[in-house]
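**Student:** Fold the following.
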Amino acid sequence: MKNLIALLLIFGILSCKKEPDNLHNKTIKDYTFDYNKEKIVDLEKTESFISKEQYEFDNYLKPISKEEYLKDSLAYQNSLDSKQYVFKNNVLQTAYGTVKFVPSEDKDSDTFVNYSYLGFSNVIDSHIINLNLYEGEKALLLSNQNYQYTTISSTPFFSKSKNYALNFKNADGLSSQVSLYDIKNKKLIHFITIWSENYLTDNVFWDGNDNMILKIRKNDSGAISYAKILMSDIKSGKKTTESSVEKNKTQDWKGEYQITTKAISNYNQKEIDLLYSISLKSNESAILSIGADQTQDYWCEGDYYLTEENGVLKATGKCDENDINDFYLKQENGIYYIKSKRFLNQDWQVLKKE
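**Tutor:** The predicted model follows:
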């Protein structure tokens, strides 16, 4: 009987040491990713959209103020976590194993590539890796569930609802196009690329209602504008008959302008008459001549750089440590106006065109 009990105990101990079959059922492997050897399918198919008029984003633009843009910019946060996973010495630990990325450091060769970790997105359960290539940059989307990957032209930005994503830079770092994606079952599905031959896109992100907020720059003048594109318009194909931004663009300001107004002298803090003579050769630059007796009062005359926002030109010159010496120009109903913190009267004042 004792022998039988001992035998049963030994059998029980051995049975306890046996682990369930499914405990380590998940295969953990080491993988090597070499961009120059992998067969990669690019998720972003832009050929069907670029240069076709119906996909120009100019037609969808709705102007907003700089203040609206900044408010939405501060509120937006992309769904990327760069701290959850460690990417070190070109090695990344994923749920299914270690991925080692193979760089090619010869910058003069078309095989050049290096890698940097942009973050992990729970929205698509993928790691986002920046590919710095000889011909430009791309973003690698590497699944965290299995060794699958694809590329898009740049970092994805996810909407608050997590239903959409966008990216807006191509491999050359230019941003004259915005690609949009639906998100289904944690996967990006590219459905449209909108583009412009009139603007470069400095920045694009999402507001809280899944609409795009843009900071755009005119190609010919460099004038900056702020705008919104409604996702409902993109989905329905609803366009404006004329770009709203174009409706509000600044007219041609070429010419000579003058104003004499009161100001406080930087020399003795007394009230003086200050003459501003402004020569505009284009909407991008101006020359300011200041009529005053003391050097301290005409020190800031010279070349000024112009930027446009919502129909108003802002002029910035060499005295750019603050905005006191900046001045602003606008035109309403055929009348020209100027304002500046340098003037005693800081409201809009009539500017005479010569």
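**Student:** and this structure, what are its domains?
**Tutor:** Per automatic domain parsing, the structural domains of the chain span 32-247, 255-353.
**Student:** is it possible to export those to a markdown table including mean pLDDT and mean neighbour count?
**Tutor:** Bear in mind the C-beta positions are built from the backbone N, C-alpha and C, glycine included. Formatted as a markdown table, those follow (pLDDT from 0 to 100; neighbours: other C-beta atoms under 10 Å):
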| stretch | mean pLDDT | mean neighbour count |
| --- | --- | --- |
| domain 32-247 | 89 | 17 |
| domain 255-353 | 91 | 15 |
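**Student:** what about S73, which SS state?
**Tutor:** Secondary structure state of S73, per DSSP: H, G, I helix; E, B strand; the rest coil, is helix.
**Student:** Thought I213 was touching it, still the case?
**Tutor:** Yes. Between S73 and I213 a contact is recorded at 7.2 Å, counting by C-beta atoms under 8 Å.
**Student:** residues shared between the contacts of these two?
**Tutor:** By the contact definition C-beta atoms under 8 Å, 6 or more residues apart in numbering, S73 and I213 are jointly contacted by F205.
**Student:** Now for E256, which secondary structure element holds it?
**Tutor:** E256 belongs to strand 255-264 when assigned by DSSP states H and E.
**Student:** what helices or strands is that strand leaning on?
**Tutor:** Judged by 3 or more C-beta pairs under 8 Å, 6 or more residues apart in numbering; DSSP states H and E, the packing partners of strand 255-264 are strand 271-280, strand 335-339, strand 349-353.
**Student:** Can you tell me how far the residue most central in space within the chain is from E44?
**Tutor:** Central residue of the chain (C-alpha atoms, centre = their mean): N203, 2.8 Å from the mean position. Per C-beta to C-beta, to the nearest Å, N203 is found 19 Å from E44.
**Student:** give the contact list for K218.
**Tutor:** K218 touches 198-199, 224-225, 249, 308, counting by C-beta under 8 Å, 6+ apart.
**Student:** same deal with D320?
**Tutor:** Going by C-beta under 8 Å, 6+ apart, D320 touches D326.
**Student:** got it, and K187?
**Tutor:** Contacts of K187 (C-beta under 8 Å, 6+ apart): I124.
**Student:** Same question for E354.
**Tutor:** Here E354 is in contact with 255-258 (criterion: C-beta under 8 Å, 6+ apart).
**Student:** check contacts around E256.
**Tutor:** Neighbour list for E256: 277-280, 353-354 [criterion: C-beta under 8 Å, 6+ apart].
**Student:** what do you get if the cut-off is 6 Å, keeping everything else the same?
**Tutor:** Residues in contact with E256 (C-beta atoms under 6 Å, 6 or more residues apart in numbering) are 279, 354.
**Student:** Report the beta-bridge partners for it.
**Tutor:** Counting by DSSP bridges, E256 is bridged to S279.
**Student:** could you check the distance from it over to L351?
**Tutor:** Distance from E256 to L351, by C-beta to C-beta: 11 Å.
**Student:** Same question for Y304.
**Tutor:** According to C-beta to C-beta, Y304 and L351 sit 14 Å apart.
**Student:** May I see the contacts of E354 arranged in a markdown table, with distance to Q84 as well?
**Tutor:** Compiled in a markdown table, the contacts of E354 are given as follows (distance: C-beta to C-beta, whole Å):
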| residue | distance to Q84 |
| --- | --- |
| G255 | 58 |
| E256 | 60 |
| Y257 | 57 |
| Q258 | 61 |
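**Student:** Looking at the residues you listed, which is nearest S340?
**Tutor:** Y257 (13.0 Å; C-beta to C-beta).
**Student:** Wait, the closest one touches K353, no?
**Tutor:** Yes. Under the criterion of C-beta atoms under 6 Å, Y257 makes contact with K353 at 5.4 Å.
**Student:** now K107, nearest residue through space, not along the chain?
**Tutor:** Sequence neighbours aside, Y134 is the residue nearest to K107 in space, at 7.4 Å (criterion: C-beta to C-beta, 6 or more residues apart in numbering).
**Student:** Give me the distance between that neighbour and N167.
**Tutor:** 21 Å.
**Student:** go on, K71?
**Tutor:** From K71 to N167 the distance is 23 Å (C-beta to C-beta).
**Student:** Right, I'll call it a day here.
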